[in-house]
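Asker: Compute the structure for the input listed below.
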Amino acid sequence: MDIGQLRRSAQAALEGGDRDTALSLIEQGAEAGDTGLMVTRGRLAAQDKQLETALQWFRRAGEAGDPNGWKWGSYLLERRSPFTPRREELALAWCVPLVAAGDPDAMRKRGLIELAILRPRAGEALLRRAARAGDDKAMADLANRAHEDGRPWEAHRWATAAAEHGHEQCREWLAGVSAAVPDALTHWTEKFCRAEAGPEAATASALIALSAEARERMDAGPDSWSDRLDCALFALADLPAQSWSDATAAEFRLGLRTRMHQMLGSGGDPENVGDPADIEILRRQLVELAEAHEAHRRWDECLLSGEAVMELSAAEGRGAPVKVLLQVSKARFVLGRFAEALRAADEAEAGAIGTTGKTGGVLGPLLLDEAYAVKAQALWGYGRMTEARELIERAVALRRQVVRKMEPSDHGLLAPMLELQARILDDLGEASAARLSAEEAIAAAERGNAIRPVSEVISTEAAREILVRMGEAPS
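Answerer: Below you'll find the model as predicted:
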């Protein structure tokens with residue numbers, strides 16, 4: 001039976017109420033390589049609440065070149081997965097292939113997700129990419145944000161672009177306002193947008209110059225330049241490895257120092273702390289900077305940004321967010337600063353447990369499993385092996401509960417913890433238990449990877465290396 005006949009027979013079976021026959025025919029066509037039927041099979045699985053199965057079929061369609069696979073998977077996750085620290089990762093991952101392919105709608109969708117989880121710099125950068133690709137809704141989003149943030153010229157610029165692309169609401173809004181007069185901030189923003197859209201080789205040097213200009217203007221007094229400096233600093237932090245250099249790192253550090261001095265003065269005196277609203281803006285900026293550097297494995301800059309959050313929080317008389325303390329502990333561990341890594345992990349654990357009202361924030365208790373794992377890693381580095389084993393066992397047990405409650409269940413989230421558990425057990429000489437943890441880490445990663453784009457899969461290399469070192473032959 002050819003694909004066309006399979007499609008017609010499957011449709012007839014569905015209309016006749018014979019779902020089992022329809023599913024069998026659809027799967028035959030999907031296995032034969034028809035991506036449309038792969039998507040259809042995924043949609044039917046989603047209707048049956050078989051979410052992992054649905055994502056597996058959508059993934060197969062996407063990897064076979066059908067963008068509808070990525071779109072349907074992203075839509076499913078958007079509807080089914082509220083954004084907790086665990087679920088946001090998978091939802092964002094499903095946007096990656098479409099963003100990489102230049103899909104404006106996917107850029108906008110991921111940008112709005114970033115904004116929803118309080119990463120405004122990352123979100124706005126994606127909205128600008130979508131706008132440059134011609135998405136009028138992204139242009140309107142940028143106009144609204146600029147208007148709300150008191151940037152009238154920028155609001156007018158994006159609203160004009162959206163209206164020219166047929167956005168009716170922006171056209172109506174423009175009829176009632178006049179264009180703002182361009183000023184130095186306007187010219188800086190125009191240069192920044194050109195740098196973002198320019199060739200990669202020229203972007204880093206342009207961003208360094210723009211960051212330096214914003215720093216110098218801030219030193220001269222106007223507070224309005226702090227937002228532009230923040231914009232440049234995030235763009236620097238988000239540069240890929242091939243564009244990062246000593247000059248980029250130096251300018252990043254200078255810019256960060258300028259912002260901290262503006263907020264805290266020279267001595268970090270609590271009496272000199274700035275306005276609470278401004279502090280919150282800077283805190284979110286610093287958290288985004290730490291996350292961007294962590295993603296690029298730039299641990300020195302990740303640590304610098306995270307410790308700046310801790311300094312800012314201390315000046316306010318409050319604890320740093322648990323998420324930041326975890327980043328700081330991981331960075332210190334990677335850099336070999338084990339005692340300091342343990343101190344940050346202790347603070348993160350306290351915040352996640354909720355033993356202090358000053359630490360943690362609303363997400364603290366949701367990060368307890370990770371807090372235990374990060375502290376176990378720090379104890380391992382410090383040589384306190386028995387305590388490390390006890391904590392990683394707690395972390396793994398909690399993470400299992402998290403995964404069981406997720407829809408869809410993302411077993412890939414278990415893999416890094418099981419791998420760390422295998423390393424700790426191996427160093428303790430418990431070969432049999434270490435082997436079991438490593439094997440489970442590989443199985444968990446592979447199951448999680450079945451619902452992830454290939455570009456976003458979880459590596460099993462470290463767990464396999466453990467088995468090889470133990471004389472095992474991983475499958």
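
Asker: Okay, buried residues for stretch 123-140 please.
Answerer: 123-132, 135-140 (16 or more other CB atoms under 10 Å). No exception for glycine: its C-beta is placed from N, CA and C like everyone else's.

Asker: Repeat that for stretch 401-409.
Answerer: For stretch 401-409, the neighbour count (16+ other CB under 10 Å) marks 402-403, 406, 408-409 as buried.

Asker: Find the nearest non-adjacent residue to A46, please.
Answerer: Spatial nearest neighbour of A46, chain neighbours left out: A54 (4.0 Å); criterion: CB to CB, 6 or more residues apart in numbering.

Asker: what separates whichever strand or helix holds that neighbour from the chain centre, distance-wise?
Answerer: Here A54 sits within helix 51-63, counting by DSSP states H and E. On the basis of CA atoms, centre = their mean, to the nearest Å, helix 51-63 sits 21 Å off its chain's mean C-alpha point.

Asker: and what of stretch 406-416?
Answerer: 16 Å.

Asker: List of residues touching it?
Answerer: The contact list for stretch 406-416 (CB atoms under 8 Å, 6 or more residues apart in numbering) reads 51-52, 54-55, 80-81, 86-87, 89-90, 373, 396, 399-400, 402-403, 440-445, 447-449, 451-452, 458, 460, 463.

Asker: can you check stretch 16-30 too?
Answerer: The contact list for stretch 16-30 (CB under 8 Å, 6+ apart) reads 1, 3, 6-7, 9-11, 13-14, 37-38, 40-41, 44, 57, 60.

Asker: so of the residues you listed, which ones are in strands?
Answerer: In strands, judged by DSSP state E, none of the contacts of stretch 16-30 are found.

Asker: Of the residues you listed, grab the buried ones for PyMOL.
Answerer: Buried residues within the contacts of stretch 16-30, by 16+ other CB under 10 Å, are selected in PyMOL with:
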select buried, resi 6+7+9+10+13+14+37+38+40+41+44+57+60
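
Asker: Inside helices: which ones of the contacts of stretch 16-30?
Answerer: Per DSSP state H, helices hold the following members of the contacts of stretch 16-30: 3, 6-7, 9-11, 13-14, 37-38, 40-41, 44, 57, 60.

Asker: how about the CA coordinates for the helix holding A54, as PDB?
Answerer: What follows is helix 51-63, C-alpha atoms only, in PDB (Å, rounded to 0.1, in the frame of the first residue of the first chain):
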ATOM      1  CA  LEU A  51       3.100  12.800  26.200                       C
ATOM      2  CA  GLU A  52       6.500  11.100  26.000                       C
ATOM      3  CA  THR A  53       5.400   9.100  23.000                       C
ATOM      4  CA  ALA A  54       4.000  12.200  21.400                       C
ATOM      5  CA  LEU A  55       7.300  14.100  21.700                       C
ATOM      6  CA  GLN A  56       9.200  11.100  20.400                       C
ATOM      7  CA  TRP A  57       7.100  11.200  17.200                       C
ATOM      8  CA  PHE A  58       7.300  15.000  16.900                       C
ATOM      9  CA  ARG A  59      11.100  14.700  17.400                       C
ATOM     10  CA  ARG A  60      11.400  12.100  14.600                       C
ATOM     11  CA  ALA A  61       9.500  14.400  12.200                       C
ATOM     12  CA  GLY A  62      11.600  17.400  13.100                       C
ATOM     13  CA  GLU A  63      14.900  15.600  12.800                       C
END
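
Asker: in the very next helix or strand once past that helix, what counts as buried?
Answerer: Next helix or strand after helix 51-63 toward the C-terminus (DSSP H and E): helix 67-80. If you call a residue buried by 16+ other CB under 10 Å, then helix 67-80 has these buried ones: 68-77, 80.

Asker: Next: stretch 381-398.
Answerer: In stretch 381-398, counting by 16+ other CB under 10 Å, buried: 381-382, 384-385, 388-389, 391-396, 398.

Asker: Go through those and name the one nearest R343.
Answerer: Within these, proximity to R343 (CB to CB) peaks at Y382, which comes in at 10.4 Å.
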